[in-house]
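[1] Structure of the sequence below:
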Amino acid sequence: METRKFKDLTIRDALMFAAVMSDPEICRRVLELALGIPISEVHIQTEKTMAYHSEYHGVRLDVYAADADRTRFNVEMQVTLQKFLPKRSRYYHDQKDMDALLAGDSYENLPDTYVIFICDFDPFGEGFYRYYTRTYCEETGKAVTDGVVTVYLNTRGEKEEGISSELMEFLNYVKNSGRKTIPEEEANSFIKLVQRHIEKIKSSRAMEERYMLLEEMLQKEKQEGILES
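    Numbers count the residues shown, from 1 in each chain. Okay, here's the model as predicted:
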């Protein structure tokens, strides 16, 4: 499989998405749009951003909110249909809990965790732009306060109820990214910010070299997997 040229990457590509989301203001706005709640500040865990993980097969982004509750966020772009996203989410939540426990937190002090998948497909086939999932008690129908939430955003959504126009515009931008660029005069202020940041990233030689290195490592592992099978 031929490697995509760096200049051809869009926000739908894992490395470009991670690079764009490494900007604290863009990341904060995406989280606000995804969750529908105000977020005052975001701290990016830079040591895990755009890093290669052999067990993960790709680029992983971990974002931490710098609020009083130390809420943690994991955001990921998904452009290929994945059948086991809920179990993948479970793994991410568990990893964050283990990180907190290893850092000395007790169970009662575990921070809330949000895993957010931006999907270029409908993960549940019900036509919603956003699927917001948490733990519920079957008998009472009430949410369990375990602090575990997974949000699936669907760029192919059809049901607009409860979705802000800004979130819809962002998801449509993700869906059409690579097919057309929104003219500056037509894009809202947030989309303009994202598009300008992407152009800035593409002008960075250091980012291009990082992309080439990560792609080389991915291709090597894929090849080793073929030889072992």
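
[2] quick one: the strands in the chain?
    42-44, 51-53, 58-60, 62-65, 72-78, 113-119, 130-134, 148-154 (DSSP state E).

[3] what residue of this protein is the furthest out?
    The centre of the chain is farthest from one residue, Glu139, which by C-alpha atoms, centre = their mean lies 32.9 Å away.

[4] give me every residue that touches it.
    Shown in contact with Glu139 (C-beta atoms under 8 Å, 6 or more residues apart in numbering): no residues. Backbone N, C-alpha and C define where each C-beta goes, glycine included.

[5] how much space between it and Gly147?
    Remark: distance between Glu139 and Gly147 (C-beta to C-beta, to the nearest Å) = 21 Å.

[6] Poorly predicted segments of this structure, please.
    Counting by pLDDT under 70, the ranges of the chain that qualify are 1-3, 46-69, 178-186, 218, 221-229.

[7] Show me the helices in it, by range?
    14-21, 24-35, 85-102, 165-176, 189-202, 205-228 (DSSP state H).

[8] tell me the most buried of those helices?
    Among the helices of the chain, helix 14-21 has the highest mean neighbour count (mean count of other C-beta atoms under 10 Å), at a mean of 23.

[9] and that helix, what other elements does it pack with?
    Applying 3 or more C-beta pairs under 8 Å, 6 or more residues apart in numbering; DSSP states H and E, one finds that helix 14-21 contacts helix 24-35, strand 58-60, strand 72-78, helix 189-202, helix 205-228.

[10] can you put these in TSV and add distance to Tyr107?
    Output for the helices and strands packed on helix 14-21, formatted as TSV (distance: least, C-beta to C-beta, whole Å):
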stretch	distance to Tyr107
helix 24-35	24
strand 58-60	25
strand 72-78	15
helix 189-202	38
helix 205-228	36
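
[11] Which one of those lies nearest to Asn154?
    strand 72-78 (10.1 Å; C-beta to C-beta).

[12] which residues sit against that closest one?
    11-14, 17, 21, 27, 30-31, 34, 42, 60-65, 85, 92, 96, 100, 111-121, 174.
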